[in-house]
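In: Take a look and give me a structure for this.
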Amino acid sequence: MMRPTLTLTLLTLALAGCAIGPDYQRPALPTDTRFHAPLPQAHDGQVASLSNWWAAWNDAALTTLIDQAQAHNPSVAQAAARIREARATVNGQTAVLFPAFTARGADTRSKGGMQGNPFAAPGELQHQRSGSIDAIWEFDVVGGARRAREASTSRLSARTADWHDARVSMAAEVAMQYVNLRTCEVLLTGYDVDVASRAKTADLTQKKARAGLEAPANAALAEASVAEARARRVAQATECDLTVKALVALTGLPEDALRTTLRPGTARLPGPRSFAVAAVPAGLLEQRPDLVSAEAETIAAGAEIGVALADRFPRLTLTGTIGTTEFLGASAASAGAFAGRSWSYGPALSLPLFDFGRRAAQVDVQRARFEGAVAAYRGKVAAAVREVEEALARLHGAQARTADADKALSGYRSFLNANEARVHAGAGNLPELEEARRSVVAAQGVAVGVARERLAAWIALYKAVGGGFTTTSPDTPSPSLRTADAS
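Out: Purely as a prediction, here's the structure:
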């Protein structure tokens, strides 16, 4: 009665005991709860949820392209595959905590007698059948297996967060390329107007030169101005085509289908509504998937210290076997004459004695990895705070420049129109007209560039605050990026 009692006692202690190794405690983060820069709150009075942030851009083509990229981009699919791999690892580590059973069977024929069969005649053909069920259960006495499961579970959380991070990054990349394309189209439209205006002026100047009312040098200047504008337009059109091809690579759409999707909003920049930053920065850091992943990796590294420590302790294993064996002879005397059943069970103890410091070195390795993971986590937190601050600073700067850039463009256009009217009336100066045109082109570039910077800052802020990160996994995806799981 003592042996079953001892086994049961050890089993109870193994299941109820504490796991070896340090328990995770979040490290002190290198930030406080406020930004240091005097930056405005990132909203204009209209508060929109991060979860439907892209829908607030009021651009159907943009949301369509982001949905397409989420569904077909290889980087998102690769991140989802890593989740499945991590989940399988968790299942494997969980199985270690339970007994394993193995069924064995054999069907053997031999001649010349068979050991253990006293009824077999010399030279007689013998037939043996046997079967058994073997069980083995290694007790998790010090909690090493539980620490291994804890590490694998944390890495599953990290891979899930990586999947969200891939989605956030993909959405931001598609949006940025989309903004680049619309900016390019706006500039291209301006260049079209500029080419047409210069061509009209050049035609008028050529007529005046032929009539002797304008110097030939001015006619050549007008033609050169047209050529310059056309070259600028071709370069801009090439940039637009390259951006379209970048969107093809991101979304997986055929180029014809992509251009059809893009056509309704040609040469129009999106107009996003703003959203509120609820807590700066602590509340935002909680929803950044890359920080969730980094902390989960830190937890896993801490748990693996316990795994290495457990390897230095004795291992207690319970094994058992139940089996049958039957000998079948060819003669009547030995046929079915010998059969038997057997069973056995008992504990086995292994004790590490001396390994020249190998196990101790492995503990030191895991401690160093944990310290490295903590340092990486702290570094990412600091970088996250910096990204939010920089995005807000760029947004504030772009908003402050918008009015002046628009005012400058309007003024230069008025000056150009006045010069064009004077030249067409025969009283203007062609070099002054071309200078006015160059000023308009430069001012247009500045105004459109400021608008692009503002949208780029919004995209950077979206990414910096986690992009509406939720805990939904790829096994339960939302039907649309515009729903509550949008990221």
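In: going forward, measure contacts between C-alpha atoms and count neighbours the same way
Out: Noted.
In: ok, and the closest non-adjacent residue to residue 324?
Out: Once flanking residues are discounted, residue 324 sits nearest to residue 341: 4.3 Å by CA to CA, 6 or more residues apart in numbering.
In: which ones are touching the residue nearest the centre of the chain?
Out: Centroid check for the chain by CA atoms, centre = their mean gives residue 166 as the closest residue, at 1.9 Å. Shown in contact with residue 166 (CA atoms under 8 Å, 6 or more residues apart in numbering): 75-76, 79.
In: of these, closest to residue 461?
Out: residue 76 (21.0 Å; CA to CA).
In: before we move on, back to that, assign a three-state SS to the residue nearest to residue 324, would you?
Out: Under DSSP: H, G, I helix; E, B strand; the rest coil, residue 341 falls in the strand class.
In: Likewise for the one 4 residues further on?
Out: At residue 345, secondary structure determined by three-state DSSP is strand.
In: Could you count how many residues lie near it?
Out: For residue 345, the neighbour count with other CA atoms under 10 Å is 13.
In: OK, contacts around residue 437?
Out: Applying CA under 8 Å, 6+ apart, the residues near residue 437 are 194, 416.
In: you'd agree it is in a helix?
Out: Yes - applying three-state DSSP, one finds residue 437 inside a helix.
In: From residue 89, how far out is it?
Out: 66 Å (CA to CA, to the nearest Å).
In: Buried residues in the helix or strand that contains residue 451, which are they?
Out: Assigned by DSSP states H and E, residue 451 belongs to helix 430-464. By neighbour count on 16 or more other CA atoms under 10 Å, the buried set for helix 430-464 is 430, 433-434, 436-441, 443-464.
In: now swap in stretch 97-105 and tell me
Out: So, applying 16+ other CA under 10 Å, buried residues of stretch 97-105: residue 97.
In: now do stretch 221-229
Out: Result for stretch 221-229 [16+ other CA under 10 Å]: buried residues 221-223, 225-226, 229.
In: Identify the residues contacting it?
Out: 191, 194-195, 198-199, 201-202, 205, 430, 434.
In: which SS state does residue 177 fall under?
Out: With three-state DSSP as the criterion, residue 177 reads helix.
In: List the contacts of it.
Out: Counting by CA under 8 Å, 6+ apart, residue 177 touches 243, 246-247.
In: Name the nearest of those relative to residue 417.
Out: The closest of those, once distances to residue 417 are taken by CA to CA, is residue 243, at 32.7 Å.
In: sorry, back to before: in what helix or strand does the residue nearest to the centre of the chain lie?
Out: helix 144-210.
In: Helix 144-210 and the helix or strand just after that helix, what's the angle between them?
Out: Counting by DSSP H and E, the next helix or strand C-terminal to helix 144-210 is helix 216-251. Helix 216-251 and helix 144-210 are oriented at 160 degrees to each other (axes from the mean of the first three to the mean of the last three CA atoms, to 10 degrees).
In: State the mean pLDDT of the next helix or strand after helix 216-251.
Out: Next helix or strand after helix 216-251 toward the C-terminus (DSSP H and E): helix 255-262. Averaged across helix 255-262, pLDDT comes to 93.
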